[in-house]
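Engineer: The amino acid sequence is not available; the structure is as follows:
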């Protein structure tokens, strides 16, 4: 192989490495829609993003189990843990949304009673 061929190959490898590692090395926090939301709504958006991550993890776990990467015991334990965490997140979302609804209703009733 010629020197220019080796140089091109090395350049190609460096380019692939930079392309692969760019998000890890220079990535910034992904902008979410929650950046401009008021307190409770931002918290709900964060919790919903976490819920989506858990759903993705469950899907990946199911796939890995189907391909034989996990024993049934390990699979069931991890799935139960993920599902429990997901339930807790849903409870938090429900509580925050319920509080926001009750606050909005209370505010609306106060406005109506003042008129």
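Structural biologist: Yep, it's here. Predicted model, so just to flag it, every value in this text is computed and none were measured.

Engineer: show me what contacts residue 57?
Structural biologist: Going by Cβ atoms under 8 Å, 6 or more residues apart in numbering, residue 57 touches residue 82. Placement of C-beta: from N, CA and C, glycine included.

Engineer: That one sits in which helix or strand?
Structural biologist: Element membership for residue 57, per DSSP states H and E: helix 39-66.

Engineer: per-residue confidence averaged over whichever helix or strand comes after that helix?
Structural biologist: The C-terminal neighbour of helix 39-66 among helices and strands, as given by DSSP H and E, is helix 72-114. Average pLDDT, helix 72-114: 91.

Engineer: Okay, angle between helix 72-114 and helix 39-66 too, please.
Structural biologist: 160 degrees (axes from the mean of the first three to the mean of the last three Cα atoms, to 10 degrees).

Engineer: Show me what helix 72-114 is packed up against.
Structural biologist: helix 39-66 (3 or more Cβ pairs under 8 Å, 6 or more residues apart in numbering; DSSP states H and E).

Engineer: Enumerate the positions of the helix it packs on that are buried.
Structural biologist: Within helix 39-66, the residues scored as buried using 16 or more other Cβ atoms under 10 Å are 44, 45, 47, 48, 51, 54, 57, 58, 61, 65.

Engineer: same thing with stretch 66-82?
Structural biologist: Neighbour-count burial for stretch 66-82 [16+ other Cβ under 10 Å]: 70, 75, 78, 79, 82.

Engineer: which ones are touching residue 81?
Structural biologist: Residue 81 neighbours (Cβ under 8 Å, 6+ apart): none.

Engineer: returning to what we had before: same list (the buried residues of helix 39-66) but as a markdown table, adding distance to residue 17 and pLDDT.
Structural biologist: Below are those laid out as a markdown table (distance: Cβ to Cβ, whole Å; pLDDT from 0 to 100):
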| residue | distance to residue 17 | pLDDT |
| --- | --- | --- |
| 44 | 39 | 89 |
| 45 | 35 | 89 |
| 47 | 36 | 92 |
| 48 | 35 | 92 |
| 51 | 34 | 93 |
| 54 | 32 | 93 |
| 57 | 28 | 94 |
| 58 | 32 | 94 |
| 61 | 30 | 93 |
| 65 | 33 | 93 |
